[in-house]
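K.L.:
predicted model follows, preceded by the sequence.
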Amino acid sequence: QVQVVESGGGLVQAGGSLRLSCAASGRTFSNYAMGWFRQAPGKEREFVAAISWSGGSTYSADSVKGRFTISRDNAKNTVYLQMNSLKPEDTAVYYCAVRFGYLRMKVSEYDYWGQGTQVTVSS
């Protein structure tokens, strides 16, 4: 079993920054991709960013390109999401997810999920 725990959410003014962290633990494993998704009230969960096991490949949603950066530290089994120039429309619960194999961008293709962390951006 894999446990996934997010941290780092909070309240920030528009234009500000936050850094989310996600730690995976449990079974010993390798070759897994990690992704960030978000869900705003009344909306479906959507892809934000994902990173391959090596960190050599990343993908980001068009809505966050140039503002959000995903990175990982495999020694700590941790992935980060640096969020800059935040906008009110970034307000959502942010979820971290793990899948074995190459990175993907669909919710259904991830195996393990965290409980989520709230990000609120005030105007």
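P.N.:
Right, received. Where do you want to start?
K.L.:
counting neighbours, what do you get for the nearest residue in space to residue 109 that is not next to it in sequence?
P.N.:
Excluding the flanking residues, the one nearest residue 109 by Cβ to Cβ, 6 or more residues apart in numbering is residue 99, at 5.9 Å. Quick note: C-beta positions are derived from backbone N, CA and C, even for glycine. Applying other Cβ atoms under 10 Å, we find 17 residues neighbouring residue 99.
K.L.:
bridged to the residue nearest the centre of the chain, which residues?
P.N.:
Among the residues of the chain, the one closest to the centroid is residue 36, at 2.3 Å (Cα atoms, centre = their mean). For residue 36, the beta-bridge partners are residue 49, residue 96 (DSSP bridges).
K.L.:
where along the protein do the strands fall?
P.N.:
2-7, 10-13, 18-26, 32-39, 46-51, 58-60, 68-73, 78-83, 92-100, 112-113, 117-122 (DSSP state E).
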